[in-house]
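# Sequence first, predicted coordinates after that:
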Amino acid sequence: MNGTIEAPTIEYALLAPLLVVFGAAIVGVLVEAFAPRYLRSAIHLPLTLLSLAGAFALAVWQAVKGVPTEPAAMGAIAVDGPALFIWGTILILAFASVLLIKDEEHFVGAAAAVPGSAEEEQALVERAAHTEVYPLLLFAVGGMLLFPAANDLLVAFVALEVMSLPLYLLCGLARRRRLLSQEAAVKYFLLGAFSSAFFLYGTALLYGYAGSVDLVKINQALGSVGGQDTLLYIGAAMLGVGLLFKIGAAPFQSWKPDVYQGSPTPITALMASGTLVAAFGALLRVFWVGLGGLDWDWRPVLYGVAILTMVVGAILAITQTDIKRMLAYSSIAHGGFLLIGVIATGHTQAENTSALTGLLFYLVAYGFTTVGAFAVVTMVRDAGGEAWHLSRWAGLGKRSPLLAGVFAFFLLAFAGIPLTSGFFGKYAVFQAAVANGATPLVIIGVVASAVAAFFYVRVIVLMFFSDPAADGPSVVLPSRGTAAVVGFAALATVVLGVFPQPVLDLAHTAAQSLFVR
Amino acid sequence: MPWLSTLMGVSVLGALGVTLVRNDKLAKQFTLVVSLIVLALTVAMAVQFSPNGDKFQFAETYDWIPAFGVHYGVAVDGIALVLILLSVILVPIVVLASWHDAEAGKRSVRTYFSLLLVLEAMMIGVFAATDVFLFYVFFEAMLIPMYFMIGSYGGAQRSYAAVKFLLYSLFGGLLMLVAVIALYSIAGKGTFMFTDLVGTIQDVTTQKWLFLGFFIAFAIKAPLWPFHTWLPDAAAQAPAGAAVLLVGVLDKVGTYGMLRFCLELFPDAAKFFTPLVITLSVIGIVYGAIVAIGQTDMKRLIAYTSVSHFGFIAMGVFAMTTTAGAGATLYMVNHGFSTGALFLIAGFLIYRRGSQYIADYGGVQKVAPILAGTFLVAGLSSLSLPGLSTFVSEFMVLTGTFQRYVVPSVIATVGVILAAIYILWMYQRTMNGPTAESVKSLPDLNAREKWVVAPLVALLLVFGFYPKPLLDVIHPAVQDTLSSVSVTDPQPAVPVAQEGQ
């Protein structure tokens, strides 16, 4: 062995879903560079959809063939049960988001033009379009796939950046309300850059402590390295800040409403579903695998963060008048409910499996309903684009009962009413938490749910019990893509709410061996 | 034959069918037919029920979500059976009574009747559930159709009332959810089946906490003082038909839950909290009655009388004697008929004049004698006149409670006197005296409305003179419940003759 360096082994087959998505993204960039303008859209759309579907098929194939028990790529990436489950979820959610993107002109013609300037006018006249949305989205999705699978903090950081940078750009591309959109992009970028820096600094400190960035080695070091506790605690805390920022947990939640509001709605849908799923996957892996031996120290902190997140999300949502901001705060509150599941670890593998199963189910249920809800938001328009102000939604139930009914159903699912998927998601997480002695947290959780129910119900009141405004918004006839997304989301919300068993089984199988170490 | 699933299935399919019917009139007739079919099926089931047979009959149990130990488990005992009968009898009556209700709001008539049938299925399900989780699912899910019925078809303050109703009940339900989860975890049986869970919680402190989780939900639902404030708003704003089902059936889920779950699952805690519950009940009885006297709005008045009546029911449940328990169960049924009649006839009156305020009426008796007469009968049943069925149950609750708690039952008797005041005074102000100008041309009940009122009045009279069939069914079930709480009736100081109702 002296003097020779062994070539690293890469399990290409295991990483195939990732490679497909990244490969398609690079092809997409080449299309941008070489294909004529009028062809680009026509090439991008099938390319994007096919690559996502292909990656999904590969992930399923992988899961059927047998879940590996060792991390791949020299221990850098762990393609284990939870990772495959999360991949599948993210890929479906991304597929749905692409169908929404394709639908209408949600995106600005020339993002660089100053709002209201002559250049913007000209871009509008020329019917310019930013077709690079598609490759950007694929890069973001690739990052989302890599993030929860990263078994080493540096890979996790790279994934974080690959996921976030395209999203910063995409946020600024909304066609209408340009200033808000640009503000969202800048705000997301600045705060996101800070949080990434925190994450990186935390990684460095933990490296200083453990002598490795590998999560498994860090965990081993927890028991053996002494006298470096300062490095460990500060490092873990900084890592936590970076991750909690991405899921929008309080007190790092302030970006969420602004960014959700300003972004083009299909991108909001992707962020609210895919990014949340990916970030929770990564958070779980870092805290359960990397810092699992430190749970006595991080658990009380996360306890507080979960409470704060639920309370802040539920209470601030009440005061919102913008439908997207309201959904953003709702997403914050749901982040808090999910954090309950992160804390609900026990002493035995069975207990941890039940917590992880609950979390995975919750993520699927919430993700699907969220995509559906934002798809509905894209369809309710008035003269200035989407009817964002809640008062504009008054009486929608009279004008388009079907759409309003579906949206009301999504809201009831968010509120966790039985016979919707949201109920079983919450139930699964709460049950795991009670079983592992976090009953006080669950009580706060249900109180927050009751508060949250208020603002969901308020929208239903507006839609169904108020009289429509004379010049109320119209509901655009959905394209086939949007209609499919809404239909699929509604179906998933019903089926997961009435027969959750198959998906629970799947999540349980995925969670059975927990994360590989 | 899977009776209970059939009943729910017919209702749900009926609800779907109604949405497909394009013509409003046909939709109403269709709903009526469906609800009558459900009634006929329920009666066919009820005659096969053997009062002294197994505790739970017509049982069906299938795995629903094995991962959580949840079953689709339905069955009835005597208590559940009579409450299901109450529900399915009220639904066709409400359908007939609401014939024109939904049209007033220019909202979809079909949706209203479809929601009504969905609600019927859930009412059957909630009483029939033998799986605690399934019970919870129905308990929460049935809020949604009622919420839309109040919010879309109610009075001027409807959205406020609907939201208040939903949030109160939802909050109680969520507390119960925590208790349900904790019950499952602590019992450690891996199942939610009620019969498997009975007796699993031995630790008294744990019992007390879980009891509170369930009890607060039921106390909000019932509603017991001081959790009652949502009821007057909801009942006053709901269309008359929905108000009947809300007060007549949905609220019974609360008192039924106390009897079934609070007592049997947590017997020691129930005994511990009995003084508190009895106190709240007695306060509710007197408070509800006094506040009812002061109401100026007929529907609110009826709602407050119900607060008083629910005090009687809760007192009967927690007195833990067979007489009081059976009386409370019978009370639940009778109260459904009596309050149902009151709400519906008041609804007819309000529909004619367009006002809920007592002050807007006067001397109706002269122009609409049948309306006034039936209103009087319904009112007399509310104040428990002997000869009407409510008297039997109120008397049983009072004597049953007296066996164990003398002072509360004596104070509760005041409620009977106050009842005479609020009912007769309301009758006097609306029906007697000089005929008010605005009601001069008030038409009397038409044929449809007579069909609505007749069965209710008949039931009140029949069970007033001959409550035996109901009591035969209720008695064994109540005895069984109390024996699992392991209480025995106190020996009377003086030997008394058999109750001779």
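Great, that's in hand.

# what helix or strand does residue 350 sit in?
Unless you meant another one, I'm taking chain A. helix A:349-379 (DSSP states H and E).

# that's the wrong chain, I meant chain B
Per DSSP H and E: helix B:322-353 holds B:Ile350.

# Give me the buried stretch members for that helix, please.
B:322-350, B:352-353 (16 or more other C-beta atoms under 10 Å in any protein chain shown). Glycine gets a C-beta too; all of them are placed from N, C-alpha and C.

# cool, stretch B:123-137 as well?
Of all the residues in stretch B:123-137, those buried under the rule 16+ other C-beta under 10 Å are B:123-137.

# Intersect these with the contacts of chain A.
B:Tyr136, B:Val137 (C-beta under 8 Å from any C-beta of the partner chain).

# Show me which residues of chain B sit near chain A.
So chain B meets chain A at B:64-68, B:107-108, B:136-138, B:140-141, B:143-144, B:147-148, B:151-152, B:158-159, B:162-163, B:166-167, B:170-171, B:174-175, B:177-178, B:181-182, B:184-185 (C-beta under 8 Å from any C-beta).

# about what we covered before: what sits up against the helix or strand that the helix holding A:Ala350 is followed by?
Note on helix A:349-379: by DSSP H and E, the next helix or strand toward the C-terminus is strand A:380-382. Strand A:380-382 has contacts (C-beta atoms under 8 Å, 6 or more residues apart in numbering or on different chains) with A:Glu386, A:Ala387, A:Arg392, A:Trp393, A:Leu396, A:Leu403, A:Asp471, A:Gly472, A:Pro473, A:Ser474, A:Val475, A:Val476.

# Neighbouring strands - and their directions - for strand A:380-382?
Taking DSSP bridges as the criterion, strand A:380-382 forms sheet pairs with strand A:385-386 (antiparallel), strand A:474-475 (antiparallel).

# Could you say which of those strands is packed most deeply?
Mean neighbour count (mean count of other C-beta atoms under 10 Å in any protein chain shown) peaks for strand A:385-386 among the strands paired with strand A:380-382, with a mean of 20.

# how about low-confidence regions in the stretch 351-500 of chain B?
Scanning the stretch 351-500 of chain B for pLDDT under 70 picks out the ranges B:486-489, B:491-500.

# from it, which residue is nearest to chain A?
Residue nearest to chain A within the stretch 351-500 of chain B (C-beta to the nearest C-beta): B:Gln356, separated by 19.1 Å.

# so who does that residue touch?
Here B:Gln356 is in contact with B:Gly155, B:Ala236, B:Asp297, B:Met298, B:Lys299, B:Arg300, B:Ile350 (criterion: C-beta under 8 Å, 6+ apart).

# Give me the subset of these that lies in helices.
Judged by DSSP state H, helices contain the following of the contacts of B:Gln356: B:Ala236, B:Met298, B:Lys299, B:Arg300, B:Ile350.

# picking that back up, quick check: mean pLDDT across the helix holding A:Ala350?
Averaging pLDDT along helix A:349-379 yields 92.

# elements contacting it?
helix A:81-103, helix A:265-270, helix A:276-284, helix A:323-343, helix A:401-415, helix A:421-435, helix A:480-498, helix A:501-511 (3 or more C-beta pairs under 8 Å, 6 or more residues apart in numbering or on different chains; DSSP states H and E).

# Ranking helices and strands of chain B by mean pLDDT, which lands last?
helix B:101-104 (a mean of 67; mean pLDDT, DSSP states H and E).

# Which SSE is immediately downstream of that helix?
helix B:109-128.

# all helices for the stretch 151-300 of chain B, in order.
In the stretch 151-300 of chain B, the segments counted as helices under DSSP state H, counting those that start in this stretch are B:158-187, B:194-197, B:204-221, B:230-237, B:240-245, B:251-257, B:263-265, B:267-293, B:298-319.

# for the record, mean pLDDT for the fifth one?
On average, the pLDDT along helix B:240-245 is 89.
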